[in-house]
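Chemist: sequence plus predicted model, see below.
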Amino acid sequence: MVSKSYSNLLELASGESPSLGRMSRRIPPIMTVPGIISDIDDDPSGSVCSDPSSASSVQKDRIIMVANQLPIRAQRKSDNNGSGTSSSSSSKGWVFSWDENSLLLQMKDGLGDDDIEVIYVGCLKEEIHPNEQDEVSQILLETFKCVPTFLPPDLFSRYYHGFCKQQLWPLFHYMLPLSPDLGGRFNRSLWQAYVSVNKIFADRIMEVINPEDDFVWIHDYHLMVLPTFLRKRFNRVKLGFFLHSPFPSSEIYKTLPIREELLRALLNSDLIGFHTFDYARHFLSCCSRMLGLTYESKRGYIGLEYYGRTVSIKILPVGIHMGQLQSVLSLPETEAKVAELLKQYCHQGRTILLGVDDMDIFKGISLKLLAMEQLLLRYPECQGKVVLVQIANPARGRGKDVKEVQEETYSTVKRINETFGKPGYDPVVLIDEPLKFYERIAYYVVAECCLVTAVRDGMNLIPYEYIISRQGNERLDKVLGLEPSTPKKSMLVVSEFIGCSPSLSGAIRVNPWNIDAVEDAMDCALAMAEAEKQLRHEKHYRYVSTHHVGYWAHSFLQDLERTCREHVRRRFWGIGFGLSFRVVALDPNFRKLSMEHIVSAYRRTTTRAILLDYDGTLMPQASIDKSPSSKSIDILNSLCRDKNNMVFIVSAKSRKTLTEWFSPCEKLGIAAEHGYFLRLKQDVEWEACVPAVDCSWKQIAEPVMKQYMETTDGSNIEDKETSLVWCYEDADPDFGSCQAKELLDHLESVLANEPVTVKSGHNVVEVKPQGVSKGLVAKHLLSTMQEKGMLPDFVLCIGDDRSDEDMFEVISSSIAGPSIDPRAEVFACTVGKKPSKAKYYLDDTVEIVRLMQGLASVSNQILSVLA
């Protein structure tokens, strides 16, 4: 496999490795040379249309679960080891077994073994020597249906410890690299390593995927660009992504230099999942501010329209594995440990407050300790009676920040114990050595209250585990000295900034930065009435026991299947380079307008109707100077001089503006204000397409619009003869969109009895007379030509937005009618690849102008011959 070094993403996007799609041989399972792998554009055939007819059927659904780590434990085998048990398998040097604590493995229970086959793709925690990798791959695939991704140590370090843990993870937890000491400054070589590893994962998936039938579910921020690689290879792949970490607000996220690349990569998924609405809201805000995308909620489902595809957003927090937890609660070892802890603490008259956290900067361990110190200081009667047991799991990352957290934690514990401790009593017990799962469960069982004071955490399942452990079972009840009918109780103090907080409505929620508030919550939890504790526990237990990991997995895949249902009926085209690649989903009959085709039809025909939108069609939307260029004027004049043509500009602009702009075009037809006003040529009077209307409604609408204009910086009002438009193109996109929805509702309410319609468009809210649309212009033109005995045998209609769809509809429905020649060549064309009633598209205004120039040249040739 070729190894390359790239200085930037433009080079990365132009890799020329052999196409994996064309390879018939098996892809090598390892990367033997450290470095950066070729990028997604190495196969020019990868962006071609995916044909719906190639879809195949499958009897049993198959899901490919992709995560940074496989749900596998690997242990180096000693000489006297056996060959493994029913739940393990071995090679010459390794013994493999399932990692029962892995979320990927736990999810399988919710999917149903009989109905769904699951294949896992990911890395092993242990490094496997290259000479053993082929054998290990075969064993893991055959025994566990796992496809290991082997990474050279240097590449893995730059990808995981470098980009993931030092750049993405801190930023997603709201930590900005304000100084080099804080770490996390963007490093392009680490980014390239991240992209390279995602490419290797894509290669491994390609070895096992059946792209038309399999579902792919990618997990977490380690693999955020993987959707692009897969979508590039298989335009129709059924792809879900779930982010297990927080997604930061747009103010934080937009500091990331590769912000758009990551957003576009995620949008190559069909379904994107988040734990909370806040995380989803931040993602949608980033899409709005950085990519100009808006979302809609339809029948409870949130969706983003992205190049004709609907990318669905799923909001559902993950749960715990009930079966695993209950089986651990039933172990004799758990009962023994509970009895030991009861003797050590509860029988000594001491109440346990419990904290279980990783030793990292975001878990708020030191804040919790400071609150405990303040509790003991404020309530001396708690001294000798209340113990905080803090279980500190090893940090998953490494670096200076981890050492600082450890030092601060140790020094704070030492200070508290020296100040408030007594012989046989330490107010804080710090356990910083790895505990077995049953030991941790035993602490849950005996703890009166669980404290989770993380300053930022994606989900955190500790409270869920605590609730189920406090529910216990009959055997534990005996150890605890409880009657079977005794109502269970539990208390939770949780940070507002963790993903599980919204689902735990009975918990005491705190701002962990407010030490006084945390201390008050601890005191409240200790002093709360037993009946209240029981009610809160019952509420939490009912939620946690039903919203388990199986429910979560099943719900996500159900939504993924629903989202992908339309794939087989759509045609997909790949566009864009590098990590800007995306696919466009189109109706099978929707195709690009061929210059040769339309020019040929133009030459053959003798009676032509041409309708052209202006903004976004002849003139780019982003242009500051909206007036037509001299080139556009020359093209229109050339078309109008041809006596076989009737040419119309159809615009939302006022007739005053259009008259001024197109004064050099004497024979050009103009429709103003969406077709309310119309004239066939310059020396003809303007006429109204609908009966004259009373505009007294403006006295009601204008004050409302002015109110929103004054409160929305960057917005303005355009007062036309028959309509009013509130435009927020230059306003903050989120605030402008929010205000537009409010204004739309407000205007619909106050104008309910007026003969007007209120509509929202691209960055505008418009009030106009009822019945006015661009479709009226198309009808008027065709009927006028019919009255003159001119049945058009060539019709061209071009527009770019929703208002132009009315013209397309009229043109399409008139094909079999009396106003168009039965043999007519009809071209309804939209600008850009997107769902439309038009059957053709051109990419942008540059192509539109080029097309019109080509038609104008034909007319000039015809006129020169006749002259």
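Modeler: Thanks, I have the structure now.

Chemist: any low-confidence regions in the chain?
Modeler: The chain contains residues with pLDDT under 70 at 1-59, 79-88, 90-91, 110, 112-114, 181-184, 397, 833, 867.

Chemist: which SS class is the most centrally placed residue in the chain?
Modeler: Nearest to the geometric centre of the chain sits Ile272, at 4.6 Å (Cα atoms, centre = their mean). With DSSP: H, G, I helix; E, B strand; the rest coil as the basis, the three-state label of Ile272 is strand.

Chemist: my guess is His219 contacts Ser102. True?
Modeler: No: using Cβ atoms under 8 Å, His219 and Ser102 do not qualify as a contacting pair, with a distance of 10.6 Å. All C-beta spots, glycine's among them, are computed from the backbone N, C-alpha and C.

Chemist: more neighbours: which of the two?
Modeler: For the pair His219 and Ser102, the greater number of neighbours falls to His219 (21 against 18), based on other Cβ atoms under 10 Å.

Chemist: who touches the more buried one in this structure?
Modeler: Remark: with contacts taken as Cβ atoms under 8 Å, 6 or more residues apart in numbering, His219 is in contact with Met65, Val66, Ala67, Asn68, Leu103, Leu104, Phe241, Phe242, His244.

Chemist: quick revisit: who's in contact with the residue nearest to the centre of the chain?
Modeler: The neighbours of Ile272, taking Cβ under 8 Å, 6+ apart as the test, are Gly240, Phe241, Phe242, Leu243, Leu266, Phe283, Val311, Ser312, Ile313, Lys314.

Chemist: reformat these as TSV; add secondary structure.
Modeler: Shown next, in TSV, are these (three-state DSSP):
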residue	secondary structure
Gly240	strand
Phe241	strand
Phe242	strand
Leu243	coil
Leu266	helix
Phe283	helix
Val311	strand
Ser312	strand
Ile313	strand
Lys314	strand
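
Chemist: give me phi/psi at Tyr676?
Modeler: The phi and psi torsions at Tyr676 (degrees, to the nearest 10) take the values phi -60, psi -40.

Chemist: ok, it - how many residues close by?
Modeler: The burial count for Tyr676: 26, using other Cβ under 10 Å.

Chemist: ok, now how distant is it from Ala688?
Modeler: Counting by Cβ to Cβ, to the nearest Å, the gap between Tyr676 and Ala688 amounts to 6 Å.

Chemist: so how far is Met107 from Ile63?
Modeler: As defined by Cβ to Cβ, Ile63 lies at a distance of 9 Å from Met107.

Chemist: ok, Ser137 next?
Modeler: The spacing between Ser137 and Met107, counted by Cβ to Cβ, is 23 Å.

Chemist: quick revisit: please tell me how far the residue nearest to the centre of the chain sits from Lys839.
Modeler: 32 Å.

Chemist: try Asn716
Modeler: Asn716 is 36 Å from Lys839, by Cβ to Cβ.

Chemist: so for these two, which residue has more residues nearby?
Modeler: In this view Asn716 and Lys839 are compared by other Cβ under 10 Å, and Lys839 has more residues nearby, 18 against 14.

Chemist: surely Phe163 and Ser196 touch.
Modeler: No: with contact defined as Cβ under 8 Å, Phe163 does not count as touching Ser196 (10.3 Å).

Chemist: which one of the contacts of His219 is nearest Phe229?
Modeler: Taking Cβ to Cβ as the measure, Val66 is the one of these closest to Phe229, at 11.1 Å.

Chemist: past whichever strand or helix holds the closest one, which element shows up next along the chain?
Modeler: Of the helices and strands defined by DSSP states H and E, Val66 is found in strand 61-69. The first helix or strand that comes after strand 61-69 along the chain, using DSSP H and E, is strand 72-76.

Chemist: by contact count, what packs against that following strand?
Modeler: Using 3 or more Cβ pairs under 8 Å, 6 or more residues apart in numbering; DSSP states H and E as the contact criterion, the secondary-structure elements in contact with strand 72-76 are strand 94-98.

Chemist: tell me the angle the strand it packs on makes with strand 72-76.
Modeler: Calculated by axes from the mean of the first three to the mean of the last three Cα atoms, to 10 degrees, strand 94-98 forms an angle of 160 degrees with strand 72-76.

Chemist: returning to that earlier point: of Ile63 and Met107, who's got more company?
Modeler: Met107 (25 against 22).

Chemist: does the more buried one touch Tyr551 like I think?
Modeler: No: in terms of Cβ under 8 Å, Met107 does not count as a neighbour of Tyr551; the distance is 10.4 Å.

Chemist: and the strands in the stretch 451-600 of the chain?
Modeler: Per DSSP state E, counting those that start in this stretch, the stretch 451-600 of the chain carries strands over the ranges 492-495, 508-510, 571-575, 582-586, 591-592.

Chemist: just those: most buried one?
Modeler: strand 492-495 (a mean of 26; mean count of other Cβ atoms under 10 Å).

Chemist: and Leu171, how far is that from Arg456?
Modeler: 11 Å.

Chemist: how about Ile798?
Modeler: Using Cβ to Cβ, one gets 50 Å for the distance from Ile798 to Arg456.

Chemist: neighbour count: the two, which is higher?
Modeler: Neighbours per residue (other Cβ under 10 Å) separate Ile798 from Arg456, with Ile798 holding more: 27 against 21.

Chemist: which of the helices or strands spans that one?
Modeler: Using DSSP H and E, the secondary-structure element containing Ile798 is strand 794-799.

Chemist: tilt between the next helix or strand after that strand and strand 794-799?
Modeler: Sequence-wise, the next helix or strand downstream of strand 794-799 (DSSP H and E) is helix 805-813. With the same axes, to 10 degrees applied, the angle from helix 805-813 to strand 794-799 works out at 160 degrees.

Chemist: what helices or strands is whichever helix or strand comes after helix 805-813 leaning on?
Modeler: Past helix 805-813, heading to the C-terminal end, the next element that is a helix or strand (DSSP H and E) is strand 825-831. The criterion is 3+ Cβ pairs under 8 Å, 6+ apart, and the helices and strands that strand 825-831 contacts are helix 595-604, strand 794-799, helix 805-813, strand 840-842.

Chemist: for the very next helix or strand once past the last one, what is the distance to the chain centroid?
Modeler: Once the chain leaves strand 840-842, the next helix or strand it forms, by DSSP H and E, is helix 845-866. A distance of 44 Å separates the C-alpha centroid of helix 845-866 from that of its chain, computed with Cα atoms, centre = their mean, to the nearest Å.

Chemist: packing partners of helix 845-866?
Modeler: Applying 3+ Cβ pairs under 8 Å, 6+ apart, one finds that helix 845-866 makes contact with helix 595-604, helix 630-641.

Chemist: any chance of a markdown table for the ones you listed, columns mean neighbour count and distance to Gln133?
Modeler: Formatted as a markdown table, the helices and strands packed on helix 845-866 follow (neighbours: other Cβ atoms under 10 Å; distance: least, Cβ to Cβ, whole Å):
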| stretch | mean neighbour count | distance to Gln133 |
| --- | --- | --- |
| helix 595-604 | 15 | 53 |
| helix 630-641 | 18 | 62 |
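
Chemist: now the strand holding Ile798 against helix 595-604, angle please.
Modeler: Using the same axes, to 10 degrees: strand 794-799 against helix 595-604 is 140 degrees.

Chemist: the stretch 1-150 of the chain: helices as residue ranges?
Modeler: With DSSP state H, counting those that start in this stretch, the ranges of helices along the stretch 1-150 of the chain come out as 9-12, 103-107, 130-144.
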